[in-house]
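Trainee: Give the three-dimensional model of this entry:
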Amino acid sequence: MPVENYIIERIEYFCAKKKLSRYRLAQRAGIAQSSLSTLLNRKSIPSIQTLERICDGLDITLAQFFAGDSDIPDLTDEQKELLTTWSALDDNQRALVQAYMQGLSQK
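Mentor: Numbering: from 1, shown residues only. Take a look at the predicted model:
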């Protein structure tokens, strides 16, 4: 698969996973919606800086963008903080947090 197709498919995958429209991703990434549309319509390849901004808009790292779905690559500071807090919880608290998060993701 050509690299440009892989990048586009990963952006579309993460948008679907996070339930983000192209418009909302462009807003969050701080790039013009027309630039994102041009990219996703396979008319251009993003620069590394643009791809980093897209990753910021998706709340993922560049490493997470290129990692397989089952891999856990470098984490953002926010993700590290969550894991640190998680580690301090007892089993009952973890079960409650997990149930709460599952409830949130089903909305």
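Trainee: can you pull out the helices in this protein?
Mentor: Using DSSP state H, the helices of the chain run over 3-17, 22-29, 33-40, 48-58, 62-66, 77-87, 91-105.
Trainee: if we look at stretch 34-44, which residues are touching it?
Mentor: 4-5, 8, 11-12, 22, 25-26, 29, 45-46, 50, 54 (CB atoms under 8 Å, 6 or more residues apart in numbering). To be clear about C-beta, it is placed using only N, CA and C from the backbone, and glycine gets the same treatment.
Trainee: From residue 31, how far off is the residue of the chain most remote from its centre?
Mentor: Farthest-out residue of the chain from its mean C-alpha position, per CA atoms, centre = their mean: residue 92, at 28.9 Å. For residue 92, the distance to residue 31 equals 44 Å [CB to CB, to the nearest Å].
Trainee: hang on, the earlier thing: now the contacts of stretch 34-44: which count as buried?
Mentor: The neighbour-count test (16 or more other CB atoms under 10 Å) marks 8, 11, 25, 26, 29, 46, 50, 54 as buried among these.
Trainee: confidence score at the third one?
Mentor: What that stands for is residue 25. Residue 25 is assigned 96 on the pLDDT scale.
Trainee: unless I'm mixing things up, it is touching residue 55, no?
Mentor: No. At 10.5 Å, residue 25 and residue 55 do not qualify as touching, with contact defined as CB atoms under 8 Å.
Trainee: Same question for stretch 6-23: list its buried residues.
Mentor: 7, 8, 10, 11, 14, 15, 20.
Trainee: Widest-spaced pair of those residues?
Mentor: Within these, two members stand farthest from each other by CB to CB: 7 and 20, at 16.2 Å.
Trainee: so where is the chain shaky, pLDDT-wise?
Mentor: By pLDDT under 70, the low-scoring segments of the chain are 1, 68-74, 107.
Trainee: Now flag whichever of the buried residues of stretch 6-23 is closest to residue 83.
Mentor: residue 14 (20.1 Å).
Trainee: For the closest one, which residues are in contact?
Mentor: With CB under 8 Å, 6+ apart, residue 14 has these contacts: 20, 58, 60, 65.
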